[in-house]
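Engineer: Following is a predicted model, sequence given first.
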Amino acid sequence: MIALFVGATIYLSYTVGERQAVLRDVVHHNDAWALSQTVQEFLRVGEAISIHLLSDQPTSRSNIRLRLDIAISRLSALREGSLRSFLEDMPNGQITFADLESVVAELDETLETMSEQELSQDFARLSALMGPITGLSSQAIQQSFTSVDENLKSLERLHLTFGAVVAFLILCWCGLILILIRQNRLLNLEQGQSMILNEDLHAAGKELRDKNRSLEYAANHDSLTDLPNRTLFWNELEAVIRSSRVGEEITVSLLLIDLDEFKSINDTLGHDFGDMMLQQVSERLRQFGVKAHIFCRLGGDEFACLLLHNNAEDSVTYARDLRAEIAAPYQIFGRQVQIDCSIGVAMTQAPSEEVGVPMLFKRADIALYRAKITHQDRVCLFEPFMQREYDERKALEADLRVAITERLIDVAYQIQLDVQSAELRGVEALARWTHPTRGPISPAVFIPLAEEIGLIEELGLLILTKACMEASTWHRPLMVAVNVSSLQLRSPDFVHTVQDALQTAGVDPRRLELEITETVLLEKRDDVFQVLHELRRVGVTVALDDFGTGYSSLAVLRDIPFDTIKLDKTFVRDIALDRKSQGLLELVSDLGKLLEKEVIVEGIETAEQHAIVRHLGCNTVQGFLFGHPVSASDLGALRSNSAFKMESLT
Ligand code: C2E
Ligand code: CA
Ligand code: CA
């Protein structure tokens with residue numbers, strides 16, 4: 001388009017230039033008029049001569065001179081420029097012009113001196129030339145007209161061309177405007193589409209952001225309770241500990257909250273119930289959390305809370321209030337339930353170089369552990385000595401692992417005697433561990449430890465096999481009682497394990513008594529009851545150890561399949577001093593008779609206690625009075641044929 005414009009403009013200026021040239025030509029063709037004027041002047045010269053000749057006055061020659069000079073000047077104009085070329089182009093023009101020049105030259109030279117005769121001769125020559133000159137003039141006028149005509153035609157043509165070019169230019173402009181309009185429409189369309197595209201992109205971006213946000217939310221929150229999860233909590237705690245401004249210290253308190261016995265709720269009331277309970281507990285935390293910086297569910301039945309700017313006393317009070325809040329009754333699926341919790345509290349000043357998030361968690365965990373086992377109100381604030389205890393415990397754990405895998409746990413045996421005949425009934429096998437540096441460690445310490453670190457099955461099997469092997473060496477088929485943890489009974493292979501141990505040692509199952517505690521009843525596990533039934537079916541007897549201490553109830557006696565009641569030593573302690581204790585002992589003895597169960601009384605230390613027990617008619621006795629637990633090698637008497645007699649011991 002631009003090229004076309006440039007071309008058209010150049011052409012336009014060219015045609016304008018041509019028009020100017022033609023107009024100039026039209027102006028120039030007034031030569032004909034100049035020629036006719038010249039003819040007029042010569043006619044006037046002729047007129048002046050004829051007047052002179054007729055009047056014959058001397059003055060009239062000057063009049064001729066005047067006219068002649070004017071005519072000469074006109075003639076000289078004919079000799080130059082376009083008029084000259086015009087005359088040259090005329091036929092006869094040259095001759096006539098030359099003749100006229102010669103006459104004029106003669107007149108000019110001799111006018112004043114020539115005779116009247118000569119003057120009239122020249123006048124005749126001049127008059128003769130007037131006809132052809134006038135013809136030339138009219139010819140010039142004719143030619144001028146033709147030229148003007150031609151020029152006008154050419155002007156018309158140029159005008160047309162000019163008009164066509166302008167029209168073309170206008171067309172171009174119109175085309176350009178049309179193109180621009182179309183372009184504009186296309187642009188608008190394009191813009192509309194890009195706007196739609198933009199909106200789509202915007203919507204997609206928003207969706208992506210929403211998705212990202214919900215993904216981030218899911219990554220940082222617990223799906224069941226909607227509380228922040230461990231990751232978020234950890235990051236938050238880290239930020240708090242790290243980002244405190246220099247010079248300004250914040251007190252940071254971490255509370256670890258663990259629901260007590262939540263597992264049994266899950267097991268007995270179902271997982272839906274358990275989930276609902278966790279949700280309700282979380283809701284209470286949320287409501288309670290106004291003062292807390294953040295609450296989170298760490299997983300399972302563990303929660304955590306972060307407090308800022310609280311001193312130790314405030315933090316512990318907060319924890320106690322929180323515990324009371326959690327312990328209030330819940331209404332779930334139309335049932336009212338309660339759950340307690342333990343809380344471990346650890347504190348630090350932020351920013352801290354030495355205590356980071358892992359360390360703070362560890363400390364709160366140690367406090368929580370202590371809250372569970374020692375604290376009355378189940379809230380414990382971490383103190384440095386707990387760390388030492390914890391480290392020692394960890395070291396002990398490691399040593400116990402080694403002792404169990406290397407079979408370094410020994411078995412001591414304590415004799416059990418028939419109350420009436422004083423004959424040896426059998427022995428109770430008791431685990432013994434002599435630590436390489438610390439010396440003897442009580443089974444009351446290392447048995448629960450083995451349970452906690454998941455090694456109780458190995459340890460139980462170790463004691464069982466050692467006891468069975470020992471029993472197999474005896475000459476008399478005495479009973480051997482082995483203590484069994486409730487965790488061991490959960491193993492579905494337990495009956496086989498027991499049978500294997502008996503078989504390997506070649507011991508009759510009826511000689512083995514397994515001592516269990518009432519805690520097995522707590523869990524009310526069918527599989528455990530099944531195991532007990534199986535054991536009794538293969539001939540092994542089951543004794544209820546520590547009877548009367550824990551959760552004893554008549555339901556225990558009704559539900560657990562067992563053969564022997566083993567009354568705990570705490571009931572024996574006061575029987576010689578206290579009538580009530582004696583009454584209780586009598587009750588248990590009668591109960592045994594009624595249910596046809598053997599009653600073993602343990603912890604007898606004095607002859608008095610022994611006398612009372614014998615008087616009440618219990619079946620079997622065990623205690624320091626008859627013998628402390630001794631090593632297998634010290635049980636030599638059992639290997640001889642000689643029977644133990646009460647008398648020989650007392
Ligand atoms: P337990 O089953 O009640 O074992 C009897 C405990 O009473 C033994 O303590 C024993 O030494 C002690 N004892 C016996 N006669 C008397 C007495 O006249 N007076 C007093 N005050 N105590 C007496 P020990 O050996 O320290 O065992 C403690 C507990 O450790 C046992 O209590 C038992 O529950 C557990 N235990 C020991 N060995 C094993 C084992 O091999 N497996 C399991 N699961 N538990 C074991
Ligand atoms: Ca026992
Ligand atoms: Ca006992």
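Structural biologist: The structure has been received and is ready for your questions. Ligands and ions are numbered 1, 2, ... in the order given.
Engineer: Up against ligand 2, what does the stretch 401-550 of the chain have?
Structural biologist: The stretch 401-550 of the chain comes close to ligand 2 at residues 483, 515, 545, as judged by C-beta under 5 Å from the ion. All C-beta atoms are positioned from the backbone trio N, CA, C, and that covers glycine.
Engineer: On the strand side of things, show who the second one bridges to.
Structural biologist: Beta bridges link residue 515 to residue 483, residue 543 when assigned by DSSP bridges.
Engineer: OK, contacts around it?
Structural biologist: Residue 515 is in contact with 428, 481-484, 543-545, 566, counting by C-beta atoms under 8 Å, 6 or more residues apart in numbering.
Engineer: Does residue 283 lie in a helix or a strand, and which?
Structural biologist: Assigned by DSSP states H and E, residue 283 belongs to helix 271-288.
Engineer: Now do the buried residues in that helix.
Structural biologist: For helix 271-288, a neighbour-count test (16 or more other C-beta atoms under 10 Å) marks 273-274, 276-278, 280-282, 284-285, 288 as buried.
Engineer: Check stretch 601-620 too.
Structural biologist: Those buried within stretch 601-620 under the rule 16+ other C-beta under 10 Å are 601-604, 609-610, 612-614, 616, 618-620.
Engineer: quick check, nearest of those to residue 172?
Structural biologist: Closest approach to residue 172 among those (C-beta to C-beta): residue 602, at 122.3 Å.
Engineer: ok, that closest one to residue 238 distance?
Structural biologist: Per C-beta to C-beta, to the nearest Å, residue 602 is found 54 Å from residue 238.
Engineer: Need phi/psi at residue 549.
Structural biologist: phi -90, psi -50 (degrees, to the nearest 10).
Engineer: For burial, what's the neighbour tally of the nearest residue to residue 426 once chain neighbours are set aside?
Structural biologist: Take residue 426 and drop its neighbours on the chain: the residue closest to it by C-beta to C-beta, 6 or more residues apart in numbering is residue 479, 2.7 Å away. Residue 479 has 19 neighbouring residues, counting by other C-beta atoms under 10 Å.
Engineer: what's the residue in the stretch 101-250 of the chain positioned nearest to ligand 3 in contact with, if anything?
Structural biologist: Proximity of the stretch 101-250 of the chain to ligand 3 (C-beta to the ion) peaks at residue 230, 41.4 Å away. Counting by C-beta under 8 Å, 6+ apart, residue 230 touches 296-299, 304.
Engineer: what's the burial count for residue 541?
Structural biologist: Counted by other C-beta under 10 Å, the residues lying close to residue 541 total 19.
Engineer: right, I mislabeled it, should have said residue 562
Structural biologist: Residue 562 has 25 nearby residues by other C-beta under 10 Å.
Engineer: swap in residue 322?
Structural biologist: Quick note: residue 322 (other C-beta under 10 Å) scores 23 neighbours.
Engineer: isn't it right up against residue 340?
Structural biologist: No - counting by C-beta atoms under 8 Å, residue 322 does not reach residue 340; the two are 11.9 Å apart.
Engineer: So residue 550 is in contact with residue 517, correct?
Structural biologist: Yes - using C-beta under 8 Å, residue 550 is in contact with residue 517, at 6.6 Å.
Engineer: who's more crowded, the two?
Structural biologist: Legend: neighbour count by other C-beta under 10 Å for residue 550 and residue 517, higher for residue 517 (21 against 15).
Engineer: check which helix or strand covers the closest residue to residue 599 other than its chain neighbours.
Structural biologist: In space, and not counting its chain neighbours, residue 599 is closest to residue 592: 3.7 Å by C-beta to C-beta, 6+ apart. Secondary structure from DSSP H and E places residue 592 in helix 579-595.
Engineer: didn't residue 39 look like it was pressed against residue 132?
Structural biologist: No - Residue 39 is not in contact with residue 132 according to C-beta under 8 Å; the separation is 10.0 Å.
Engineer: rewinding a little: and which of the contacts of residue 515 is nearest ligand 3?
Structural biologist: For the contacts of residue 515, the nearest to ligand 3 is residue 545 (4.5 Å; C-beta to the ion).
Engineer: Looking at the contacts of residue 515, spot the one nearest ligand 1.
Structural biologist: residue 483 (3.5 Å; C-beta to the nearest ligand atom).
Engineer: quick revisit: keep the residues of the stretch 401-550 of the chain next to ligand 2, but drop any that are not near ligand 1.
Structural biologist: 483, 515, 545 (C-beta under 6 Å from any ligand atom).
Engineer: The first one: how many residues sit nearby?
Structural biologist: What it means is residue 483. Neighbours of residue 483 (other C-beta under 10 Å): 23.
Engineer: And it, what's its pLDDT?
Structural biologist: If you check residue 483, the pLDDT there is 98.
Engineer: per-residue confidence for the residue nearest to residue 426?
Structural biologist: Per-residue pLDDT puts residue 479 at 96.
Engineer: Against ligand 2, how distant is it?
Structural biologist: For residue 479, the distance to ligand 2 equals 13 Å [C-beta to the ion, to the nearest Å].
Engineer: Look up how far residue 40 lies from that residue.
Structural biologist: Separation of residue 479 from residue 40 (C-beta to C-beta) stands at 178 Å.
Engineer: Please, which helix or strand holds the one residue sitting closest to the centre of the chain?
Structural biologist: Centre of the chain computed as the mean C-alpha position; nearest residue by C-alpha atoms, centre = their mean is residue 216, 4.4 Å away. Here residue 216 sits within helix 116-220, counting by DSSP H and E.
Engineer: And for the closest residue to residue 236 other than its chain neighbours, the neighbour number?
Structural biologist: The shortest distance from residue 236 to any non-neighbouring residue, by C-beta to C-beta, 6+ apart, is to residue 294 (5.5 Å). Using other C-beta under 10 Å, the number of residues around residue 294 comes to 17.
Engineer: Output the below-cut-off pLDDT ranges for the stretch 151-300 of the chain.
Structural biologist: For the stretch 151-300 of the chain, the stretches flagged by pLDDT under 70 are 244-247.
Engineer: Show me what residue of the stretch 301-450 of the chain gets nearest to ligand 2.
Structural biologist: residue 428 (5.6 Å).
Engineer: And the closest residue in space to that residue that isn't next to it in sequence, how close does it get to residue 90?
Structural biologist: What sits nearest to residue 428 in space, not counting adjacent residues and going by C-beta to C-beta, 6+ apart, is residue 481, at 4.2 Å. For residue 481, the distance to residue 90 equals 166 Å [C-beta to C-beta].
Engineer: okay, these two: which has more neighbours?
Structural biologist: Looking at residue 481 and residue 90 with other C-beta under 10 Å, you find the greater number of neighbours at residue 481, namely 27 against 16.
Engineer: What is the helix or strand containing that one packed up against?
Structural biologist: Here residue 481, judged by DSSP H and E, is contained in strand 479-483. Contacts defined by 3 or more C-beta pairs under 8 Å, 6 or more residues apart in numbering; DSSP states H and E place strand 479-483 against strand 424-435, helix 456-471, strand 512-516, strand 541-547.
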